[in-house]
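*Asks:* Task: produce atomic coordinates for the following.
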Amino acid sequence: MEKVMNVMIGKAVGDLKSWVNELKSELPEGLFHNIVFKFIQDLKIIARGSKDAINKLQEERYPRRLPIASTQFVSCVVGANKSDPAPLGKSIPHVAGVNCATGQAVFTEDMPTLHNELFYALVCSTKAHAKIVNVDPSEALSVPGVVRFVSIKDIPAGKNKFTGAGMEDEIIFADGEVLFEGQPIGAILAQNDMLARKAASCVKVTYEELKPIVSLEEAIAAKNFMVHNSIKSFTVGNVEEALENSKNVVEGMIQTTRQEHFYEETNNCLVIPIGEDDEYKVYIPTPNIMQTQHSIAAILEVPFNRVQVHTKRVGCSYGGKMARFLHVASGVALAAKLTGKPVRCHLTRDEDIRIMGQRGEFRGHYKVGITDGKIMGAQFQLYKNAGWNSDCSPDISTTTMLHLDASYEFPTFDVNAETCVTNTASNTAFRAYGAPPAMTITENMLFDACVEIGLDPVEFRKVNMQQPGYETHFGQVMDESDVTMADCMEEVIKSSKYYQLKQEVEEFNLNSRWKKRGVYVIPNKYGVGMPQMFSQNGALVHIYLDGSVLISHAGVECGQGLHTKMLQVVSHELGIPMNRIHVSESANDKVPNPIPTGGSSAADLNGNALRNACDQINERLNTFREANPKAPWEMIVGMAFASRVNLSAFGFF
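*Replies:* Below is the predicted model of the structure:
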């Protein structure tokens with residue numbers, strides 16, 4: 001619209017020739033026709049329209065803002081605060097909310113620069129697919145303040161390729177070939193950020209270009225499919241026969257788009273060599289402390305207990321900071337080892353978007369058979385864009401297949417999924433993993449069916465919703481607690497006044513030629529949790545002599561309010577206000593082997609671990625409480641200490 005305004009300002013309305021051609025040259029053809037046609041229609045209303053038509057046009061141009069209202073909670077507790085003696089289950093504000101909103105919250109990049117610190121600036125590929133003919137850092141190394149260039153030549157033998165979130169195909173530095181635009185080829189170490197980036201731009205890389213595959217369509221056409229061990233298909237019954245016998249068969253396709261994480265804080269880290277016993281401290285915003293520790297220990301060739309990873313908080317995101325930064329953090333750690341100095345790296349927004357990957361796009365082809373409003377069977381063919389390597393993509397493809405039933409019963413079912421390799425940044429885990437594309441594909445299929453056959457979308461969904469006893473295509477038999485979607489949907493229809501809204505929308509669309517509205521209601525069934533091996537976590541509770549409590553747990557605060565929930569749990573279990581309890585950070589020197597925070601499981605795993613620790617402490621303090629029922633918390637703690645009772649406990653769940 002800015003281009004349109006620049007062209008049309010100062011032009012005479014009656015002299016179309018003076019601006020139409022200029023406007024046409026600035027805009028795509030379709031948009032040009034739409035704007036000119038709409039402009040002429042609006043002029044017609046202004047010049048000849050009724051008063052009501054003119055008022056309506058003005059309302060469309062300058063819509064009134066509706067009052068802002070929160071839908072986060074059905075109800076809230078008035079006056080709930082950190083001094084509340086019983087906060088569990090109440091809508092307590094995020095404990096770091098004020099600090100984050102006022103700029104007082106400390107992120108990794110806020111940590112003061114150390115006096116001997118070096119900055120690590122990446123040298124990235126400018127080609128999507130090419131052989132590396134030569135890398136010449138001589139000009140960069142001649143810049144005053146530049147310390148060294150780090151590349152594949154500095155990597156210990158056999159350590160450049162490692163296992164990240166997927167298969168053994170993560171690469172720290174490109175080895176003879178670049179597989180996507182933005183792939184790290186090396187890095188410059190210099191005395192400050194600006195100097196390092198300037199020098200990195202001076203590194204000369206000579207390429208022999210190869211033909212890249214950059215789109216999902218190209219990958220499908222070339223059958224460039226990844227070979228992996230994840231599940232690739234599910235089949236229940238004879239779908240072909242069910243479709244053949246169905247009264248109606250609806251076919252279609254939908255392709256989801258890539259989705260950028262765009263977290264507020266880009267990926268960054270600081271690695272500090274302690275100077276003795278091969279010990280390193282790593283400060284990094286990641287929900288995946290354990291794998292960060294393992295990857296860095298591998299490149300440094302030290303035991304896990306020499307790498308202490310600290311995360312105060314993560315500035316947004318789960319999947320985006322889960323595994324994609326591991327190869328960069330490993331390179332930073334290697335640089336710290338080579339120089340013996342602290343090394344810091346933070347990606348610019350441009351670097352982060354180019355290197356870190358997104359939620360990969362899906363293409364879903366579908367065919368559904370329906371007889372008298374009942375689904376008889378469905379057939380799916382899925383394709384996922386993985387990017388250049390595996391990461392979580394094969395597992396996401398499997399997860400998408402698991403969620404394809406959404407909330408509905410499919411008597412017969414068949415799905416196959418291919419994970420496609422392209423010369424683009426590796427796509428990775430994203431909020432809700434493979435569920436959103438699955439539900440998008442299935443709900444789009446049902447939308448098409450309702451439109452083509454003429455079915456009421458709400459009633460059609462109600463009739464086909466899963467019931468207790470239904471066995472899914474992956475073998476789960478649904479019990480009553482699994483299939484509450486129908487009751488939930490009824491509540492949403494009632495509370496939202498859906499049918500009234502629908503009528504208002506239809507009336508608006510009848511009377512509005514250019515602007516249209518829509519309203520839709522769909523059920524949702526979403527599985528949560530981690531693989532069985534990861535369904536565990538630990539926690540640590542310390543009580544000090546003034547009665548204050550310090551807790552540590554294996555979860556990471558990513559903005560979701562995990563620490564707030566954990567404080568509520570400990571407050572409830574120990575019977576003291578939240579303002580007596582503090583969480584400092586998440587670190588593997590406090591809780592070993594921390595399970596990655598994700599899968600909607602962190603509150604359950606860590607909350608129960610803290611509860612276990614509190615149970616141990618309460619058992620030790622019960623004698624003093626029973627003997628002195630009116631004694632304040634601080635006195636109970638003092639008596640326990642004087643009696644040589646352990647005021648620290650490690651919990652596990």
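
*Asks:* Quick check: phi and psi on Arg625?
*Replies:* Arg625 adopts backbone torsions of phi -70, psi -40, taken as degrees, to the nearest 10.

*Asks:* ok, now Gln532?
*Replies:* Torsion angles, degrees, to the nearest 10, at Gln532: phi -50, psi -40.

*Asks:* Quickly note the distance from it to Gly599.
*Replies:* 12 Å (Cβ to Cβ, to the nearest Å). Every residue, glycine included, has its C-beta placed from N, CA and C.

*Asks:* between these two, which one's more packed in?
*Replies:* Legend: neighbour count by other Cβ atoms under 10 Å for Gln532 and Gly599, higher for Gly599 (20 against 7).

*Asks:* Could you tell me the model confidence score at the closest residue to the more buried one other than its chain neighbours?
*Replies:* Distances taken as Cβ to Cβ, 6 or more residues apart in numbering place Met530 nearest to Gly599, at 4.5 Å, with adjacent residues excluded. Note on Met530: pLDDT of 80.

*Asks:* Could I get the full set of strands for the stretch 351-500 of the chain?
*Replies:* Along the stretch 351-500 of the chain, counting by DSSP state E, counting those that start in this stretch, strands occupy 362-371, 374-387, 413-421.

*Asks:* JSON lines for those, including distance to Asn606?
*Replies:* Shown next, in JSON lines, are the strands of the stretch 351-500 of the chain (distance: least, Cβ to Cβ, whole Å):
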{"stretch": "strand 362-371", "distance to Asn606": "32"}
{"stretch": "strand 374-387", "distance to Asn606": "31"}
{"stretch": "strand 413-421", "distance to Asn606": "32"}
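
*Asks:* mind giving me TSV with those strands and columns for mean neighbour count and mean pLDDT?
*Replies:* Shown next, in TSV, are these (neighbours: other Cβ atoms under 10 Å; pLDDT from 0 to 100):
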stretch	mean neighbour count	mean pLDDT
strand 362-371	22	98
strand 374-387	24	98
strand 413-421	23	98
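
*Asks:* what about the residue nearest to Gly599, distance to Thr422?
*Replies:* 29 Å.

*Asks:* And these two? Which one has more around it.
*Replies:* Using other Cβ under 10 Å, the more surrounded residue of Met530 and Thr422 is Thr422, with 27 against 18.

*Asks:* okay but that one is in contact with Tyr383, surely?
*Replies:* No: contact criterion Cβ atoms under 8 Å: Thr422 and Tyr383 do not qualify, at 10.9 Å.

*Asks:* Quickly list what's touching both of the two.
*Replies:* Counting by Cβ atoms under 8 Å, 6 or more residues apart in numbering, the residues touching both Thr422 and Tyr383 are 216, 219.

*Asks:* where does this structure have low pLDDT?
*Replies:* Low-confidence segments of the chain (pLDDT under 70): 1, 13-14, 16, 63, 65-82, 85.

*Asks:* redo that, cut-off 50
*Replies:* Residues of the chain meeting the criterion pLDDT under 50: 73-76.

*Asks:* Three-state assignment for Phe119, please.
*Replies:* Recorded secondary structure, Phe119: strand (DSSP: H, G, I helix; E, B strand; the rest coil).

*Asks:* burial measure for Gly103, as a count.
*Replies:* Neighbours around Gly103, by other Cβ under 10 Å: 7.

*Asks:* how far away is it from Arg61?
*Replies:* 37 Å.

*Asks:* just Val239 next, same as before
*Replies:* 51 Å.

*Asks:* In terms of neighbours, single out the busier of those two.
*Replies:* Each of Val239 and Arg61 has its neighbours counted (other Cβ under 10 Å); Val239 has more, 23 against 8.

*Asks:* contacting residues for the more buried one?
*Replies:* 377-379, 412-414.

*Asks:* Kindly report the same for Ala329.
*Replies:* Ala329 sits next to 269, 271, 282, 284, 292, 295-296, 345 when contact means Cβ under 8 Å, 6+ apart.

*Asks:* please redo it, this time with the cut-off set to 10 Å
*Replies:* 172, 267-269, 271, 282, 284, 286, 292, 295-296, 299, 309, 345 (Cβ atoms under 10 Å, 6 or more residues apart in numbering).

*Asks:* how about CSV for those residues, with distance to Ala432 and secondary structure added?
*Replies:* Below are the contacts of Ala329 laid out as CSV (distance: Cβ to Cβ, whole Å; DSSP: H, G, I helix; E, B strand; the rest coil):
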residue, distance to Ala432, secondary structure
Ile172, 30, coil
Asn267, 21, coil
Asn268, 25, strand
Cys269, 26, strand
Val271, 32, strand
Val282, 29, strand
Ile284, 24, coil
Thr286, 19, coil
Thr292, 23, helix
Ser295, 25, helix
Ile296, 29, helix
Ile299, 32, helix
Val309, 26, strand
Cys345, 29, strand
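
*Asks:* and these as CSV, adding distance to Lys159 and neighbour count?
*Replies:* Below are these laid out as CSV (distance: Cβ to Cβ, whole Å; neighbours: other Cβ atoms under 10 Å):
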residue, distance to Lys159, neighbour count
Ile172, 8, 27
Asn267, 21, 25
Asn268, 23, 23
Cys269, 18, 26
Val271, 16, 28
Val282, 17, 25
Ile284, 19, 25
Thr286, 20, 27
Thr292, 16, 27
Ser295, 10, 24
Ile296, 11, 28
Ile299, 5, 22
Val309, 19, 27
Cys345, 19, 26
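
*Asks:* Closest one to Leu189 out of those, please.
*Replies:* Cys345 (9.8 Å; Cβ to Cβ).

*Asks:* Nearest residue to that closest one in space, ignoring adjacent ones along the chain?
*Replies:* Tyr120 (3.9 Å).

*Asks:* Quick check: that neighbour touching Glu351?
*Replies:* No: under the criterion of Cβ atoms under 10 Å, Tyr120 makes no contact with Glu351, lying 11.7 Å away.

*Asks:* Residues in contact with both of these two, list them for me.
*Replies:* 328, 345.

*Asks:* Tell me where the stretch 1-150 of the chain has strands.
*Replies:* 118-124, 130-136, 146-151.

*Asks:* Throw these into CSV and include mean neighbour count, thanks.
*Replies:* Listed next are the strands of the stretch 1-150 of the chain as CSV, based on neighbours: other Cβ atoms under 10 Å:
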stretch, mean neighbour count
strand 118-124, 25
strand 130-136, 15
strand 146-151, 21
